[in-house]
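Peer 1: Generate a structure from the sequence data that follows.
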Amino acid sequence: MEKIAVLGSTGSIGASGLRVISRFPDRFKVCGLSTNTNIELLENQVKKFRPQAVCIGSLIGAKPKLGNIKVYEGADGLCRMLKDLKIDTALVGIAGSSALLPVLTALDKVKKIALANKEALVMAGGIIMDKAAKNRVTIVPVDSEHSAIFQCIGGRESQELKKIFLTGSGGPFLNVKKSGFKNITPEQAVNHPKWKMGKKISVDSATMMNKGLEVIEARWLFNMDINNIHILIHPEAVIHSMVEFRDGAILAQLGACDMRIPIQYGLTYPERLDSGIKSPSFSSIKNLSFYEPDFEKFPCMGLAYEAGRKAGTYPCVLNASNETAVKYFIEGGIKFTDIPKVIEKVIGMHKAAKNPGLGDILEADKWARIKTKEMLRCCR
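Peer 2: Model prediction:
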């Protein structure tokens, strides 16, 4: 039995991951679960999967009904849980920068990480990939695009690659004129046309920052020069990404818009097992269209490329400023158009560490959040 910890088990990735795991009761054993606030759903998951331990974001005022299962609390508690348990695989579905320390902790414990979090790699990709190599841990990406790239590369060496085409649907505002962006509401921004996701990542898809973060993520996962990673808008979302090799051959990965497919591949890799998911009906798909991204309309993409090229602590600052700005937007504190404006200002103020250690990254993250909040108060 392969022992699995599902981090962020009550989010969309974690819940889908548990649905996948439940299909293979003779293969997987859930040993740990974590949630930030959704205790009710966690209680139901515990009843079904009977893990050894769980971690909850905060136990203040909470009385979870979890029986005799060991309960950890907070960010430090999550790392302690990972250290205490015997784990073969970690499915990381935690959103945002809070996944960084758990990922680094898991790298000392597991054989494989099925990684659905991009922010950890954006912040500290060099540290994470170096540690994975040193500890011989396989990182299998679970983002649909990066899973597609991983499958297309198929274990080939990075020097065989020429380009990566990172596809994206274009989000909910692909066909909305830039002049209409100032009136966009949080409710509109979280209404993604293809994927059902959490609020933060849905807003990132609306601003196209998500695609920019994915460029930096791909740079680390596939050891690729960032200038050879190209965003390609593909509204039908049938092709999840493509890879061009040195000889001119291009491989694409196609499939249904269902996150259980890349999640299952991440958990069962290198095997492929029946998923029970219906394949697309290609005869009913009349067109597959592709467009160059509009960097003027969606400036967050350009900011991500800029931060990725500058490297050091710039990507960390980009991510921290974006997380802070998106939170303010979701709460109704700023306009949709304020998000890229404040990120650009914060990046422009930053003095980066060129070869940052973990301490430098955490300090840059803290600095960027403080500066972003200072500027956002002026927007109100």
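Peer 1: pLDDT wise, what is the nearest residue to residue 5 once chain neighbours are set aside at?
Peer 2: Once flanking residues are discounted, residue 5 sits nearest to residue 32: 3.7 Å by C-beta to C-beta, 6 or more residues apart in numbering. Every residue, glycine included, has its C-beta placed from N, CA and C. Per-residue confidence (pLDDT) for residue 32: 98.
Peer 1: Surely residue 32 is in a strand?
Peer 2: Yes - Residue 32 forms part of a strand when assessed by DSSP: H, G, I helix; E, B strand; the rest coil.
Peer 1: Identify the residues contacting it.
Peer 2: The neighbours of residue 32, taking C-beta atoms under 8 Å, 6 or more residues apart in numbering as the test, are 5, 6, 7, 51, 52, 53, 54, 55, 81, 82, 85, 87.
Peer 1: Please enumerate the helices of the stretch 251-380 of the chain.
Peer 2: 260-268, 299-310, 314-330, 338-349, 358-379 (DSSP state H, counting those that start in this stretch).
Peer 1: Out of those helices, flag the one nearest residue 219.
Peer 2: helix 299-310 (6.1 Å; C-beta to C-beta).
Peer 1: That closest one - what's its average pLDDT?
Peer 2: Per-residue pLDDT values over helix 299-310 give a mean of 98.
Peer 1: With stretch 277-293 instead?
Peer 2: 93.
Peer 1: Verify the contact between residue 116 and residue 91 for me.
Peer 2: Yes - if you go by C-beta atoms under 8 Å, residue 116 and residue 91 touch, sitting 7.2 Å apart.
Peer 1: quick one: common contacting residues for the two?
Peer 2: By C-beta under 8 Å, 6+ apart, residue 116 and residue 91 have these common neighbours: 13, 142, 263, 266.
Peer 1: Next, format the residues you listed as JSON lines and append distance to residue 125.
Peer 2: JSON lines is the format used below for the shared contacts of residue 116 and residue 91 (distance: C-beta to C-beta, whole Å):
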{"residue": "13", "distance to residue 125": "20"}
{"residue": "142", "distance to residue 125": "16"}
{"residue": "263", "distance to residue 125": "22"}
{"residue": "266", "distance to residue 125": "18"}
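Peer 1: May I ask which two of the residues you listed are separated the most?
Peer 2: Farthest pair in those, by C-beta to C-beta: 13 and 266, 10.1 Å.
Peer 1: Give me the common contacts of these two.
Peer 2: 91, 116, 142.
Peer 1: Filter those residues down to the ones in strands?
Peer 2: residue 91 (DSSP state E).
Peer 1: what's the closest of the shared contacts of residue 13 and residue 266 to residue 163?
Peer 2: Distances from residue 163 to the shared contacts of residue 13 and residue 266, taken as C-beta to C-beta, are shortest for residue 142 (22.5 Å).
Peer 1: residues contacting the nearest residue to that closest one once chain neighbours are set aside?
Peer 2: Distances taken as C-beta to C-beta, 6+ apart put residue 116 closest to residue 142, at 3.8 Å, once the chain neighbours are dropped. By C-beta under 8 Å, 6+ apart, the residues touching residue 116 are 13, 91, 92, 93, 141, 142, 143, 263, 266.
Peer 1: Mind giving me the PyMOL select for these, buried ones only?
Peer 2: The PyMOL command for the buried members of the contacts of residue 116 (criterion: 16 or more other C-beta atoms under 10 Å) is given here:
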select buried, resi 13+91+92+93+141+142+143+263+266
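Peer 1: With pLDDT and distance to residue 226 as new columns, can the contacts of residue 116 be given to me in CSV?
Peer 2: Output for the contacts of residue 116, formatted as CSV (pLDDT from 0 to 100; distance: C-beta to C-beta, whole Å):
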residue, pLDDT, distance to residue 226
13, 95, 25
91, 98, 27
92, 98, 23
93, 96, 26
141, 98, 17
142, 97, 21
143, 93, 17
263, 98, 27
266, 98, 24
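Peer 1: returning to what we had before: out of the contacts of residue 32, which one sits closest to residue 279?
Peer 2: Using C-beta to C-beta, residue 6 is the member of the contacts of residue 32 that sits closest to residue 279, with 26.4 Å.
Peer 1: any idea which element the closest one lies in?
Peer 2: Assignment of secondary structure by DSSP states H and E places residue 6 within strand 2-7.
Peer 1: Which residues does that strand contact?
Peer 2: With C-beta under 8 Å, 6+ apart as the contact definition, strand 2-7 has outside contacts at 14, 17-18, 21, 27-34, 78, 81-82, 85-94, 99, 102, 106, 110, 267.
Peer 1: Could you do stretch 267-283 as well?
Peer 2: Contact with stretch 267-283 is made by 4, 17, 20-21, 23-24, 27-28, 89, 91, 112, 114, 138, 140, 238, 254-256, 258, 260-261, 264-265, as judged by C-beta under 8 Å, 6+ apart.
Peer 1: hmm, try it at 7 Å
Peer 2: For stretch 267-283, the surrounding residues in contact (C-beta atoms under 7 Å, 6 or more residues apart in numbering) are 20, 23, 89, 91, 114, 140, 238, 256, 258, 260-261, 264-265.
Peer 1: ok, now stretch 160-168?
Peer 2: 145, 149, 153, 211, 214-215, 218, 222, 224, 228-234, 239-246.
Peer 1: which residues does the nearest residue to residue 29 once chain neighbours are set aside contact?
Peer 2: Nearest non-adjacent residue to residue 29, counting by C-beta to C-beta, 6+ apart: residue 1, 4.3 Å away. Contacts for residue 1 (C-beta under 7 Å, 6+ apart) come out as 27, 28, 29.
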